[in-house]
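please find the sequence and the predicted model below.
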Amino acid sequence: MDYSKLQNGSDIRGVALEGIEGQHVNLTEEVCGNIGRGFALWLIQKTGKKEGLRVAVGRDSRLSGETLCTWLCSALVHQGICVTDFGMASTPAMFMSTVTEGHAYDGSIMITASHLPFNRNGFKFFTKDGGLESGDIKAILAYAAGNETTGLPAGSLTQGAFMDTYAAILRQKICDATGEEKPLEGFHIVVDAGNGAGGFYVDKVLQPLGAVTDGSRYLDPDGRFPNHIPNPEDKEAMESITEAVREAGADLGIIFDTDVDRAGAVLSDGSELNRNRIIAMLSAILLREHPGTTIVTDSITSTGLAKFIAEKGGVHHRFKRGYRNVINESIRLNAAGQDSQLAIETSGHGALKENYFLDDGAYLVTKLLIELARGKKEGYRLASLIDTLEEPAESVEFRMNILVEDFKTYGQEVISALKEYVAAQEGWSLAPSNYEGVRVDLDKDHGNGWFLLRLSLHDPLLPLNIESNDIGGAKRIATELAAFIGQYDKLEASKLLAFIH
């Protein structure tokens, strides 16, 4: 077993169930047990504590979750850890269990694979310092591949609950900000949990604060995900929550991913609040609370968003894709003396300085609800916060596979060559302060927009994003770029070529 292949950035992910051709189970009982042993060894080294270590374990609704939890908890207990099994939980709640008074676990583990298919699963790890980094995961997997044990007598396993505590924290946040006990009275709010772990938000947050939630969908956990993928980036998922808002005549619709670290929303008029739009709205809120703050985003945010943030008096810092990348960059800026209140990806991963820089979909939604209640008092709608956001006329993405084994070297060669190619093209210019791949601005005569070509973080492909402010502009940009892409026969660019013909 090559344990390193289970690493996915700052998470561990693998196949837990048969059922998809060509994907064979690698999260076996032995492997999960070794990962538990590896985390115990890593945590001892991290904390300097040899005895009395306490670890909380939670899981989302995946079919394999309960079994993996049993295996993991057993291994931790065998290594001398005092384990509390929280059962169904959310990823943000698992972190909060390490910093909440009266709990303060030394570490926690969430069993999840986010929005991936039903047969996949994995592990996310936390201490009070936040989610683990890529290097930490590498160390845990190195321990897992070896034979070292803690040598401690057996620990203990108890059943516990934390979601009520976590939900109470969110409720109190809304009450404190509004000064009311029932700040959501008079509002109709619907939730689509996609049969993931987010259903708690209805009966533990919204209803106790007075909201009507009739018309909410797919709140019951079901790891088969029979209705749609729990993913705010998924077209079918967003169509589902939009339909729910329209059918109920709701003031707001909320959608979570499987483990609730991401969220999207739909406004009362049926317009989606995701990608650039949710970043803009949160930026508007935070720039009112923290004038001049820096908003860190991933690399594919729009030109219109950058203009919007600047008009609101903020600084837009476009950085690399990957939620840990944007979070760590925001933390770095703060350490360097530059205030940065928000780190957020277009995927819906968003983390606030006021909330431990935890990427927490439920907390982002909580900020929106506070604003919803405030708007009712002061006579404005949520949608008015982003009235001035200029959105592109067209936006497309192509994912071009790299057909060589050493895909990273080949991809970097393409990107390096493109930087030189740009300088010779009329109407093209390299975007300033670019941290990932090649981002190019094109003038009105050459598509009136931009494109970004970058190397995927983990996969053998080059994603290409194109936006234009003109109808037909994306095709114009793609056509001009195709002349360059056509030089590379190890790039599978058929969808790009089909788009321009």
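Sure thing, it's come through. Numbering: from 1, shown residues only.

quick one, helices of the stretch 351-500 of the chain?
Under the criterion DSSP state H, counting those that start in this stretch, helices of the stretch 351-500 of the chain are mapped to 361-378, 407-423, 473-485, 494-500.

now do the third one: distance to the chain's middle.
For helix 473-485, the distance from its own C-alpha centre to the chain's C-alpha centre is 30 Å (Cα atoms, centre = their mean, to the nearest Å).

tell me what it is packed against?
When contacts are defined as 3 or more Cβ pairs under 8 Å, 6 or more residues apart in numbering; DSSP states H and E, helix 473-485 packs onto strand 394-402, helix 407-423, strand 449-453, strand 461-468, helix 494-500. The C-beta positions use only the backbone N, C-alpha and C, and glycine is treated the same way.

got it, and the first one?
Packing contacts for helix 361-378, counted by 3+ Cβ pairs under 8 Å, 6+ apart, involve helix 91-96, helix 163-178, strand 252-256, strand 263-267, helix 276-289, strand 350-352.

what's the closest non-adjacent residue to the residue most central in space within the chain?
In the chain, the residue lying closest to the centroid (Cα atoms, centre = their mean) is residue 349, at 3.0 Å. Closest residue to residue 349 apart from its sequence neighbours, by Cβ to Cβ, 6 or more residues apart in numbering: residue 323 at 3.7 Å.

so the one you found sits against residue 357, correct?
No. Using Cβ atoms under 8 Å, residue 323 is not in contact with residue 357, being 10.5 Å away.

overlap of the contact sets of these two?
Common neighbours of residue 323 and residue 357 are listed as residue 351 (criterion: Cβ atoms under 8 Å, 6 or more residues apart in numbering).

all strands of the stretch 201-350 of the chain, in order?
Counting by DSSP state E, counting those that start in this stretch, the stretch 201-350 of the chain has strands at residues 252-256, 263-267, 272-273, 294-297, 315-318, 342-344, 350-352.

for those strands, which one sits closest to residue 413?
For these, distance to residue 413 was read as Cβ to Cβ. The smallest value, 24.0 Å, belongs to strand 315-318.

enumerate every residue touching residue 36.
If you count contacts by Cβ under 8 Å, 6+ apart, then residue 36 has 71-76, 79 around it.

ok, residue 363 next?
92, 170, 173, 352, 355.

dump the residues you listed to JSON lines, plus neighbour count.
Converted to JSON lines, the contacts of residue 363 look like this (neighbours: other Cβ atoms under 10 Å):
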{"residue": "92", "neighbour count": "25"}
{"residue": "170", "neighbour count": "24"}
{"residue": "173", "neighbour count": "18"}
{"residue": "352", "neighbour count": "20"}
{"residue": "355", "neighbour count": "19"}
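
let's have the residues you listed in CSV, adding distance to residue 163 and pLDDT.
Below are the contacts of residue 363 laid out as CSV (distance: Cβ to Cβ, whole Å; pLDDT from 0 to 100):
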residue, distance to residue 163, pLDDT
92, 11, 98
170, 11, 98
173, 16, 98
352, 21, 98
355, 17, 98
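
and which of the residues you listed is nearest residue 123?
Residue 123 has its nearest neighbour among the contacts of residue 363 in residue 92, at 15.5 Å by Cβ to Cβ.

so the closest one makes contact with residue 357?
No. With contact defined as Cβ under 8 Å, residue 92 does not count as touching residue 357 (11.5 Å).

which one is the residue sitting furthest away from the middle of the chain nearest to, not counting chain neighbours?
What lies farthest from the middle of the chain is residue 153; by Cα atoms, centre = their mean that is 38.2 Å. Nearest non-adjacent residue to residue 153, counting by Cβ to Cβ, 6+ apart: residue 80, 6.1 Å away.

for the one you found, give me phi and psi.
phi 90, psi 10 (degrees, to the nearest 10).

what about it, neighbour count?
By other Cβ atoms under 10 Å, 20 other residues sit near residue 80.

ok, the one 5 residues further on next?
Other residues near residue 85 number 19, with proximity taken as other Cβ under 10 Å.

over to residue 471?
9.

returning to that earlier point: state the distance from the residue nearest to the centre of the chain to residue 263.
10 Å (Cβ to Cβ, to the nearest Å).

now swap in residue 255 and tell me
On the measure of Cβ to Cβ, residue 255 and residue 263 end up 7 Å apart.

follow-up on the earlier one: rebuild the helices of the stretch 351-500 of the chain as TSV, extending it with distance to residue 221 and mean pLDDT.
Formatted as TSV, the helices of the stretch 351-500 of the chain follow (distance: least, Cβ to Cβ, whole Å; pLDDT from 0 to 100):
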stretch	distance to residue 221	mean pLDDT
helix 361-378	16	97
helix 407-423	37	96
helix 473-485	40	97
helix 494-500	36	96
